[in-house]
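A.B. asks: Dropping the sequence and predicted coords here.
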Amino acid sequence: MTRETKTQAAVAETVNSQAPMSIGSIRWRICALLFFANTINYMDRQVLSFLAPLLQVKIGWTEAQYSYIVVAFQAAYALGLLFVGGFIDAVGVRLGYAVTIVVWSAAAVSHALARSALSFGISRFFLGLGESGNFPAAIKTVAEWFPKRERALATGIFNSGTSVGAILVPLAVPWIAGHLGWQAAFLFTGGFSFLWLICWWTTYKSPEHHGKLSPHEMAHIRSDAGDSSATVPWGKLLGYRQTWALLIGKGMTDPVWWFLLFWLPKYFASAFGLKLSGLALPIMTIYLAAAFGSIFGGWLPVLGLKLGLGIRAARRSAMLFCALAVLPIMLVGGLHHLWTIVAVIGLAGAAHQGWSANIFTVASDVFPRAAVGSVTGIAGFGGAIGGMIVAWLVGLVLEHYHTYSGIFIAAGVAYLVAWTILQLMIPAKPLVIA
């Protein structure tokens, strides 16, 4: 251990023995930036699915064509995730995040020009390409700014922005679409991305270059023993089963969230005859529950640590809790009361977001900071490919069988299977990268 490392460890030990409020709060301000980025990200992503019942009438697309539009987004998202994580690891999160948000902002605004299923598909493709940088950049930022014991909570907080974005859409879009036209809804949400970009570029710096960061908070951030910053080649990461475990885990569970995002308004419209304004309250309720679940799920490992569990046991216990909480969604096909269904889907949405906060954090638990963007991108690629396949299958099922029952059953069991795979493929002993 070098003199510098010993000094940092000594300061960290002193800091960790102090009250949390004395450490400093700059890292939580960074988390707030990530929260707003994810809120905007999901506003841009959610507008089309909320307007889908209206646009299906105006544009005239079929269920299968809508699924192709969804697949276009997810194919681009998957393609982007193959490369964007390595790009962000190479250039850093400040520039990497900025580049991706420029692409997704322009693509979000371009939806206002679309007039056919094909043109919507093209806009969605470029939106997916740009948005693929969001989570690799955000998770890498958390890995740079937070010690491992706080990362799930920080991830849960910023990830709750995805649900807040999904809540804001039904609040704003019906009024905008009704008074200004559906095109204005895409312009409205897309404009926020450019505002965030200005804020990010003018305020963000890494911990080592942040002028207002105190020595105590810096030592707290770097307090994990053996948290290496050594660069790991992207291709080398594919040789580790931990990488494949995360890819498979995301590939099995992300499609459930994609399904809720892209088909929930259409499900309520077809099952209960709800119009655009009537969709707002059920959708908002579900995503409000999801926002709570993201923060609660991120806090669960902190509770586990306080109860004496290690990082791995605390993380896995939280994920098992979330996996079990998704199971009631299997019953939706047999339920007929709107608000009972909203409650069950809301619970599943909350559990998914809690799960998501923790599976994202597993990457920064297992891999060094310099590789987190790449690993998150690879894992996200698995989620996007899974989502693309499921979107295609959902379109076929609805086109030919006109029922959601089997889809909800599959969603219910996905998390327990994924949890078991993670248990088997990520061993308890720390990963050593030679």
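C.D. replies: In hand now; what should we look at? Numbers count the residues shown, from 1 in each chain.

A.B. asks: From the contact counts, what lies against the strand or helix carrying Y77?
C.D. replies: Taking DSSP states H and E as the criterion, Y77 maps to helix 63-91. Other helices and strands packing on helix 63-91, by 3 or more CB pairs under 8 Å, 6 or more residues apart in numbering; DSSP states H and E, are helix 26-59, helix 93-110, helix 117-131, helix 134-145, helix 234-237, helix 241-272, helix 372-400. For every residue, glycine as well, the C-beta is placed using N, CA and C.

A.B. asks: For the residue nearest to V390 when sequence neighbours are not counted, list the residues it contacts.
C.D. replies: Sequence neighbours aside, P255 is the residue nearest to V390 in space, at 3.8 Å (criterion: CB to CB, 6 or more residues apart in numbering). By CB atoms under 8 Å, 6 or more residues apart in numbering, P255 lies in contact with G383, G386, G387, I389, V390, A391, A414.

A.B. asks: give me that answer again for 6 Å
C.D. replies: By CB atoms under 6 Å, 6 or more residues apart in numbering, the residues touching P255 are G386, G387, V390.

A.B. asks: re the thing from before, out of the helices and strands packed on helix 63-91, flag the one nearest L324.
C.D. replies: helix 241-272 (13.5 Å; CB to CB).

A.B. asks: next helix or strand past the closest one?
C.D. replies: Reading on from helix 241-272 to the C-terminus, the next helix or strand found by DSSP H and E is helix 280-306.

A.B. asks: For the next helix or strand after that following helix, which outside residues touch it?
C.D. replies: Sequence-wise, the next helix or strand downstream of helix 280-306 (DSSP H and E) is helix 311-326. For helix 311-326, the external contacting residues (CB under 6 Å, 6+ apart) are 148, 297, 300-301, 304-305, 347-348, 351, 354-355, 358, 412, 415-416, 419.

A.B. asks: Now for those: which two are most distant?
C.D. replies: The span of the contacts of helix 311-326, defined through CB to CB, is set by K148 and G412 at 30.8 Å.

A.B. asks: List the buried residues for whichever strand or helix holds A154?
C.D. replies: A154 belongs to helix 148-180 when assigned by DSSP H and E. Using 16 or more other CB atoms under 10 Å as the test for burial, helix 148-180 gives 148, 150-170, 172-174, 176-177.

A.B. asks: what's the answer for stretch 354-364, then?
C.D. replies: Applying a neighbour-count criterion of 16+ other CB under 10 Å, one finds G354, W355, S356, A357, N358, I359, F360, T361, V362, A363, S364 buried in stretch 354-364.

A.B. asks: Same question for stretch 412-428.
C.D. replies: For stretch 412-428, by 16+ other CB under 10 Å, it's G412, A414, Y415, A418, W419, I421, L422, M425, I426.

A.B. asks: could you list every residue that touches the last one?
C.D. replies: If a contact means CB under 6 Å, 6+ apart, then I426 has Q242, A245 as its contacts.

A.B. asks: Next one, pLDDT for T231 please.
C.D. replies: At T231, the pLDDT value in this model is 63.

A.B. asks: what do you get for F408?
C.D. replies: In this model, F408 carries a pLDDT of 94.

A.B. asks: what do you get for F135?
C.D. replies: On the pLDDT scale, F135 gets 86.

A.B. asks: And for I59?
C.D. replies: Note on I59: pLDDT of 82.

A.B. asks: Can you report how many residues neighbour it?
C.D. replies: By other CB atoms under 10 Å, the residues close to I59 number 18.

A.B. asks: How about the one 10 residues further on?
C.D. replies: The tally of other residues near I69 (other CB under 10 Å) stands at 27.

A.B. asks: so how far is G395 from it?
C.D. replies: Distance, I69 to G395, by CB to CB, to the nearest Å: 10 Å.

A.B. asks: Then A72?
C.D. replies: 12 Å.

A.B. asks: go on, W145?
C.D. replies: In terms of CB to CB, W145 sits 40 Å off from G395.

A.B. asks: neighbour-wise, which of those two wins?
C.D. replies: The neighbour comparison of W145 against G395 (other CB under 10 Å) goes to W145, with 24 against 21.

A.B. asks: Next up, the contacts around the more buried one.
C.D. replies: Shown in contact with W145 (CB under 6 Å, 6+ apart): R27, I30.

A.B. asks: switch the cut-off to 8 Å
C.D. replies: R27, I30, C31, A154, P207, I221.

A.B. asks: I'd like the residues you listed written out as CSV, with distance to R115 and pLDDT added.
C.D. replies: Listed next are the contacts of W145 as CSV, based on distance: CB to CB, whole Å; pLDDT from 0 to 100:
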residue, distance to R115, pLDDT
R27, 46, 91
I30, 41, 92
C31, 40, 93
A154, 42, 90
P207, 47, 89
I221, 50, 85
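
A.B. asks: need these in CSV with distance to D44, can you?
C.D. replies: Below are the contacts of W145 laid out as CSV (distance: CB to CB, whole Å):
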residue, distance to D44
R27, 26
I30, 22
C31, 21
A154, 23
P207, 29
I221, 31
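
A.B. asks: Out of those, flag the one nearest to L247.
C.D. replies: Using CB to CB, A154 is the member of the contacts of W145 that lies nearest L247, at 22.9 Å.

A.B. asks: Next up, the contacts around that closest one.
C.D. replies: R27, W28, C31, V142, W145, F146, G298.

A.B. asks: could you redo the last one with a cut-off of 10 Å?
C.D. replies: Neighbouring residues of A154 by CB atoms under 10 Å, 6 or more residues apart in numbering: 27-28, 30-31, 34-35, 138-139, 141-143, 145-147, 298, 357, 361.
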